[in-house]
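Student: curious how this folds, go ahead:
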Amino acid sequence: MIKAILIVNNSGKARLTKFYEKCSIDKQQQIIRDLFLLVSKRSDRSCNFLEVEDIFDTDTKIIYRHFATLFFIFVVDSSESELSMIDLIQTFVETLDKCFENVCELHLIFHADKVHYILDEMVMGGLVLETNPNIIVSNYDAQNKMEKAESPIMSGFQGVFQTIKPR
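Tutor: Numbering: from 1, shown residues only. Okay, the predicted model is just below:
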């Protein structure tokens, strides 16, 4: 089971955090700091798998990939396959790239809701739901079309609220 998914930049700032196990905000921030220190010190030629015992108080594996300025970090339990998680990270990055056309860190900052939607299409409650990027992108596109279709309705309401002025 996936315990957490993190995207952290080269400076250690979290750009996406998704915890599937309950823990306090202080504990989450400590986990982010600890994981960043672990993965950022490793060379690019090192293995992308780490086994740690003290992150979630049980046997935990860290699977990560470093793309440009971002670390994609998956925290999983020992029952998960390292190679399938590497493949899932690759699928996540490819899907983000298709949705945002050459995804960069700014997309993650300014479109956090859409990035979370894409991630939720892939993983829910720590379990992998979908690994086909074409299906995820088509669901993402359908969601965007629905949002755009609702937008005239909402803009009509905004016009009504703007015309009503308090006396």
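Student: what is the helix or strand containing residue 65 packed up against?
Tutor: Under the criterion of DSSP states H and E, residue 65 resides in strand 60-67. Applying 3 or more CB pairs under 8 Å, 6 or more residues apart in numbering; DSSP states H and E, one finds that strand 60-67 makes contact with helix 25-40, strand 49-52, strand 70-77, helix 82-100. Just so you know, the C-beta spots here come from the backbone N, C-alpha and C atoms, and that holds for glycine as well.
Student: and that strand, which strands flank it?
Tutor: The partner list of strand 60-67 in its sheet, established with DSSP bridges, is strand 49-52 (antiparallel), strand 70-77 (antiparallel).
Student: highest average neighbour count across the helices and strands packed on strand 60-67?
Tutor: The highest mean neighbour count among the helices and strands packed on strand 60-67, using mean count of other CB atoms under 10 Å, belongs to strand 70-77: a mean of 22.
Student: may I have it as CSV, with CA atoms only?
Tutor: Listed in CSV are the C-alpha atoms of strand 70-77, where the atom choice follows Å, rounded to 0.1, in the frame of the first residue of the first chain:
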residue,chain,number,x,y,z
LEU,A,70,11.8,17.9,-8.8
PHE,A,71,12.0,14.7,-6.7
PHE,A,72,8.9,12.4,-7.0
ILE,A,73,8.9,10.4,-3.8
PHE,A,74,6.6,7.5,-3.0
VAL,A,75,6.5,6.0,0.5
VAL,A,76,5.2,2.5,0.4
ASP,A,77,5.0,-0.6,2.7
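Student: ok, residues contacting it?
Tutor: Strand 70-77 has contacts (CB atoms under 8 Å, 6 or more residues apart in numbering) with 1-10, 15, 31, 35-36, 39-40, 55-56, 58-66, 85, 88-89, 92-93, 105, 108.
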